[in-house]
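Colleague: Give me a model of this one.
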Amino acid sequence: MLFGSVINFVPSSVKAAESASTDTQISILGTSDIHGRFMPWDYALDGPNPTGSLTQLFTIIKKVREENPNTVLLDAGDMIQGNSAELFNDQPKSPMMVAMNEMNFDAWVMGNHEFNFGLDVFNKITTQYKGQRLGGNIYKDNGDRFLPAYTIIEKDGIKIGVIGMDTPMTTEFEKGTDHLDGIVFKNPVDETKKAIKELEGKVDVMVGLMHMGLENENGVPGTGVADIANANPELAAIFAGHMHKLIKEDTVNGVLIVEPDKYGTHVSRIDLTFTKQGDKVVLKDKKAAALPVKAADGTTEVSDPALESTLQPYHDFARADANIEVAQLKGMNLVAKNEINDIPTVQIQETPLSDFFNEVMLYYSKADVVAHQIDNDKARLDEGPIKKKDIAYNYQFALGEITVYQVTGKDLIDYMEWAAGYFNSTRPGDVTVSFDKTRRASKYSTNDFFGGVKYEIDLTKPAGSRITNLRKMDGSSIKSDDVIKLGMNAYRMDALKAKGGALEGRNFEQLWSSKDASTFGEMDGTIRNRAIAYLKDVKKGVYEPKIQSNWKITGVDTKSPERADVVELINTGILEIPKTEDGKYTNVASINILDAVTENEIAELSNRAKVEQSLFAGVKTKGEFYHKLNAAIKAAVTTPEVTAPEVIIPKEPVKPNPKPDPKPTVKPVVKKQAKVTAYFLNVRAEASSKAKIYTAVPKGTVLEVLGTEHGWVKVSYKGKIAYVYGKYVDMI
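Modeller: Numbers count the residues shown, from 1 in each chain. Take a look at the predicted model:
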């Protein structure tokens, strides 16, 4: 059952047999914000990523279609950008379009990222799609619609009107480019109302397909589907997107709303039940659920082998590109190993990696100050060859560019203070840096790094007054009225200027952009491609970093002896870094050694460390407890265990066998290993497609064979007896 305990959906044919009614169930599935995940592979890392992809979603979609033939498949936008999908803009076909056609998507509303490359690329890529493209609030300059506002899909005699709208924020996102020349974006609330009028009398139900989140974006009215629902109660449901959130089920003004998160991790499902009342078909019921690629037990959905086979050439092409070597890194790694598990070094201290991106941005932009983000807690680049995939892995915003603005010293300081708000304030006794959990969970979940200046972040001070000792590289101070050329990503600047942002309401003159046609252009102007060009053209294929020491965090006790105990206890798994209640975000509170320790913590950690709780009688503070606990653990390890001497019982001598050995027999060769040929293959508990899935293993995995049963191969997997389907392995 796909829905677990959420809801029991019964196929229409079964309902008809059980009831005298003539009810019909239409299942509508919605994906969104796939961002190039056509296969379960991360092309930036060049490694498997089974958390979401079109090929895995197709397995889920097929199951729903088998259950209910009256199934509609929709996508809410942002399909063709991300995960190296841009590589195919100048190729004959896009793998995203190939996949969408194979999966038989009925309709696709355009997302803002569909317009990232201009209208020529937009038309080349999106016209490969065989279904219906939608974008009801996008108009040509002459007043005609650029794309249809709706499509009508009929299933079992029931007509569904699907109304598609894109976020009007696209205009803001593409500001300063020629990507939208010839088209305008109008208010989606009004345009939905207009489309509803046009559909009246033509359909039995209307649903929205909107590349917009639930709430208004950056405080701009009419940019969230809640506004659309409040103004258009005629809609039965809305499939939302854009905000990369999972909304299993919400209701606004009677309109059912869902959103399937991002990157192919979920598909949203809405079941509409209709009944006949005379000559009319009436919507009787509507229910929703989210179908995940990754189950609660950690297992992931198998990737559809046939679709994988179709997409294989594109997969190979993207992998080959990712592995192009651009330079050699010499002298040191760009990110030091985390001192403390789950506290990423790259976010809490200056690293040669952040200095490298600042160096690139300063070189090309000629700005006074630059700022960027590293949205990857596991960022790393070790000595040796630097490949294209290494740059993409460490700078994950594929379209990030350098735009130079004229700002004042006050503007820069306000921006830097906002960035430093990523951290929690510290108290006496705090021995770790931690992250503000609200910022950690937001889409602005990093501390921005600033190049071209020197500064300190004093965490003993409240947010808004932490930037200290700010100065230019020559040591001179920065004054509030200084005129500064600031190079940064335009998307970040738009967020800062929006309602509630650190620079709300301010306007800045744009002086230069790396993406301008007169500079490097749309793709060559990205920070990723500028970094590659810098390594190849400026550094001539060899990069030797130097420690810059431009900034540091202060206000954390790194000298106390108890801190060393904290580090050891965390890294050995005894003491845990604080997490949010759902466990999704780590390091949301600092470890403090002066706080009073509780009996519960003493009992829990003593048990975890397997030492006697009585050793800590009278301990008052956490620091004292951690120190004594660590000492007790070490004492237990270094004290040898005394055991009784082994008693050796002599064995009876073996009498020689007077009979000659029989002639050796030739045993048949048994193939004892199986190599996985599918990109991901489920490893199951029994020889059945309905058996529990232990995990999914990637292509090339070699498994130890124990035998075969009815087309299944019995294998050993992590000490367990398991089964894989024989069709997708080669015996070796």
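
Colleague: low-scoring stretches of the stretch 1-150 of the chain, by residue?
Modeller: 1-21 (pLDDT under 70).

Colleague: Can you show me the helices along it?
Modeller: Under the criterion DSSP state H, counting those that start in this stretch, the stretch 1-150 of the chain contains helices at 12-18, 54-67, 95-103, 118-126.

Colleague: and stretch 569-584, average pLDDT?
Modeller: Averaged across stretch 569-584, pLDDT comes to 93.

Colleague: and it, how far apart are its ends?
Modeller: One end of stretch 569-584 sits 22 Å from the other (Cα to Cα, to the nearest Å).

Colleague: can you redo the helices of the stretch 1-150 of the chain as JSON lines with distance to Glu350?
Modeller: The C-beta positions use only the backbone N, C-alpha and C, and glycine is treated the same way. Shown next, in JSON lines, are these (distance: least, Cβ to Cβ, whole Å):
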{"stretch": "helix 12-18", "distance to Glu350": "61"}
{"stretch": "helix 54-67", "distance to Glu350": "39"}
{"stretch": "helix 95-103", "distance to Glu350": "38"}
{"stretch": "helix 118-126", "distance to Glu350": "37"}
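
Colleague: would JSON lines of those with distance to Gly201 and mean neighbour count be doable?
Modeller: Listed next are those as JSON lines, based on distance: least, Cβ to Cβ, whole Å; neighbours: other Cβ atoms under 10 Å:
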{"stretch": "helix 12-18", "distance to Gly201": "26", "mean neighbour count": "13"}
{"stretch": "helix 54-67", "distance to Gly201": "30", "mean neighbour count": "21"}
{"stretch": "helix 95-103", "distance to Gly201": "31", "mean neighbour count": "22"}
{"stretch": "helix 118-126", "distance to Gly201": "30", "mean neighbour count": "17"}
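
Colleague: So which of the ones you listed is nearest Ala589?
Modeller: helix 54-67 (35.2 Å; Cβ to Cβ).

Colleague: how far is that closest one from where the chain is centred?
Modeller: Remark: helix 54-67 is offset 21 Å from the chain centroid, using Cα atoms, centre = their mean, to the nearest Å.

Colleague: just stretch 333-346 next, same as before
Modeller: 20 Å.

Colleague: Name the residues of it that are buried.
Modeller: Of the residues in stretch 333-346, 333-335, 338, 340-341, 343-346 count as buried by neighbour count, 16 or more other Cβ atoms under 10 Å.

Colleague: same question, stretch 201-209
Modeller: 203-209.

Colleague: Looking at the residues you listed, which are in strands?
Modeller: 205-209 (DSSP state E).

Colleague: got JSON lines for those, with pLDDT and distance to Asp355 too?
Modeller: Output for these, formatted as JSON lines (pLDDT from 0 to 100; distance: Cβ to Cβ, whole Å):
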{"residue": "Val205", "pLDDT": "98", "distance to Asp355": "57"}
{"residue": "Met206", "pLDDT": "98", "distance to Asp355": "54"}
{"residue": "Val207", "pLDDT": "98", "distance to Asp355": "50"}
{"residue": "Gly208", "pLDDT": "98", "distance to Asp355": "46"}
{"residue": "Leu209", "pLDDT": "98", "distance to Asp355": "44"}
